[in-house]
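Chemist: Quick check, what structure comes out for this input:
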Amino acid sequence: MKNKKIPMRSCVGCREKKEKKYLIRIVRTPDQQVQLDPGGKMPGRGAYICRNEDCFKKAIKSKSLAKALDMDLDDDLIVEISNMVLKNGS
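Modeler: Down below sits the predicted model:
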């Protein structure tokens with residue numbers, strides 16, 4: 001019997017590779033909206049982040065989330081994403 005391959009992704013905060021199901025996907029849609037992608041199938045440019053506050057803060061401070069999404073993130077958008085990540089992370 002063949003083993004099924006487990007998809008791995010890198011967190012933009014801590015840069016560790018983890019299983020995709022343990023990370024939160026944030027996507028920039030083609031119409032320049034930033035949303036959480038719980039199913040991992042939405043079209044657009046995606047970035048993965050761990051389900052903890054430290055990784056999120058590190059990703060914002062180093063601007064790695066903005067680079068991964070290829071979009072400047074203003075303060076209002078950062079607060080909105082923070083609320084989504086922290087709400088879904090627990």
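
Chemist: contacts and neighbour counts: CA atoms only from here.
Modeler: Will do.

Chemist: What's opposite Ala47 in the beta bridge?
Modeler: For Ala47, the beta-bridge partners are Ile26 (DSSP bridges).

Chemist: where does the protein have low pLDDT?
Modeler: Within the chain, the stretches with pLDDT under 70 are 1, 88-90.

Chemist: please redo it, this time with the cut-off set to 90
Modeler: 1-4, 24, 33-40, 50-56, 72-90 (pLDDT under 90).

Chemist: Other residues contacting whichever helix in it runs longest?
Modeler: Ranked by residue count under DSSP state H, the longest helix found in the chain is helix 75-89. For helix 75-89, the surrounding residues in contact (Cα atoms under 8 Å, 6 or more residues apart in numbering) are 24, 35-36, 51-53, 56, 60.

Chemist: buried ones in that helix?
Modeler: 78, 81-82, 85 (16 or more other Cα atoms under 10 Å).

Chemist: What is the most widely separated pair among these?
Modeler: Greatest spacing in those, by Cα to Cα: Ile78 and Val85 (10.3 Å).

Chemist: Could you write me a ChimeraX select line covering just the buried ones among the contacts of helix 75-89?
Modeler: ChimeraX command restricting these to the buried ones, with burial defined by 16+ other Cα under 10 Å:
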select :24,35,36,51,52,56,60
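
Chemist: Let's have the buried residues of helix 75-89 in a markdown table, adding distance to Leu65.
Modeler: A markdown table is the format used below for these (distance: Cα to Cα, whole Å):
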| residue | distance to Leu65 |
| --- | --- |
| Ile78 | 10 |
| Ile81 | 11 |
| Ser82 | 12 |
| Val85 | 13 |
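
Chemist: between those residues, which is closest to Lys5?
Modeler: Closest to Lys5, out of all of the buried residues of helix 75-89 and judged by Cα to Cα, is Val85, at 26.7 Å.

Chemist: and the gap between the closest one and Cys55?
Modeler: 10 Å (Cα to Cα, to the nearest Å).

Chemist: for Tyr22, same thing?
Modeler: 13 Å.

Chemist: The two: who's more crowded?
Modeler: Neighbours per residue, other Cα atoms under 10 Å: of Tyr22 and Cys55, the larger number sits with Cys55, 17 against 14.
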